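Student: the following block contains a protein sequence and its predicted model.
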Amino acid sequence: MKKIVIFASGSGTNAENIIRFFAESEDTRVVLVLSNKRNAGVLDRADQQDVDALYFNRKALYRSDLIVNMLRDIDPDLIVLAGFLWKFPENILRAFPGKVINIHPALLPKYGGKGMYGMHVHRAIIENRENESGITIHYVNENYDEGAVIFQASVPVLPEDSPENVAEKIHTLEYEHFPQVIKKLLAAR
């Protein structure tokens, strides 16, 4: 059985989509959802899907080996960041080389880096009058949004689009492609 661990900070719609996608799989499961926000919606979504979910704080992630040791015990085949907003710690990246991926709501390398997430990205796209946006699924390294690109998909940005319209288009791409890319990565392992 291939195991996925998801890190998320927010409402958890992408995490739930991934959990549901693999719920019927005979060889892959989301086994744990971890969040850095005590009241994050993702914790409830995971619980509703019968997936273990835990909250952790900065100390547990950055100043102890608690999380990395928990992950070593689980031995996930893939660690998926689905709206996780903190910089991912190097001790986990070293322990799981080539096994940590992220989804970003823009076509990297544009609109990446610290502070570029969610509506911040979509507003910047509109403000700069871009004619397209999209998603980037990439490996995670020690720098925000600089890991090797695995997959990109784009959508047009129309002159009349608002940041909210762009966000809807991006969510559609995320829901369609993220589970499929995860499935392909796991099949290649």
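Tutor: Here it is on my side, so go on.
Student: quick one, phi/psi of Val68?
Tutor: Phi and psi for Val68, reported as degrees, to the nearest 10, are phi -60, psi -40.
Student: OK, contacts around it?
Tutor: Counting by Cβ atoms under 8 Å, 6 or more residues apart in numbering, Val68 makes contact with 89, 91-92, 95. Glycine gets a C-beta too; all of them are placed from N, C-alpha and C.
Student: my read: Ile4 touches Pro76, true?
Tutor: Yes: counting by Cβ atoms under 8 Å, Ile4 touches Pro76, with 6.2 Å between them.
Student: okay, the two: which has more neighbours?
Tutor: Ile4 (23 against 19; other Cβ atoms under 10 Å).
Student: identify the bridge partners of that one.
Tutor: On DSSP bridges, the residues paired with Ile4 through beta bridges are Val30, Leu78.
Student: and Gln152, by the same measure?
Tutor: For Gln152, the beta-bridge partners are Thr136 (DSSP bridges).
Student: residues in contact with it?
Tutor: Gln152 makes contact with 107-108, 134-137 under the criterion Cβ under 8 Å, 6+ apart.
Student: can I get those residues in TSV including pLDDT?
Tutor: Supplementary listing: the contacts of Gln152 in TSV, determined by pLDDT from 0 to 100:
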residue	pLDDT
Leu107	98
Leu108	98
Gly134	98
Ile135	98
Thr136	98
Ile137	98
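Student: so which of those is the most crowded?
Tutor: The most crowded member of the contacts of Gln152, judged by other Cβ under 10 Å, is Ile135 (26 neighbours).
Student: what sits against that one?
Tutor: Each residue near Ile135 by Cβ under 8 Å, 6+ apart is listed here: 103-107, 151-153, 170, 173-174, 177-178.
Student: and for Asp75, the neighbour number?
Tutor: Number of residues near Asp75 (other Cβ under 10 Å) recorded here: 11.
Student: leaving out the residues flanking it, which one is nearest to Ile126?
Tutor: Nearest residue to Ile126 in three dimensions, chain neighbours excluded: Pro163, at 5.3 Å (Cβ to Cβ, 6 or more residues apart in numbering).
Student: what's the burial count for the one you found?
Tutor: A total of 17 residues lie near Pro163 under the criterion other Cβ under 10 Å.
Student: would you quantify the distance from Asp77 to Phe178?
Tutor: Taking Cβ to Cβ, to the nearest Å as the measure, Asp77 and Phe178 are separated by 16 Å.
Student: and those two? Which one has more around it.
Tutor: When Asp77 and Phe178 are compared on other Cβ under 10 Å, the one with more neighbours turns out to be Phe178, at 23 against 18.
Student: just to be sure, that one is in a strand?
Tutor: No: with DSSP: H, G, I helix; E, B strand; the rest coil as the criterion, Phe178 is located in helix rather than a strand.
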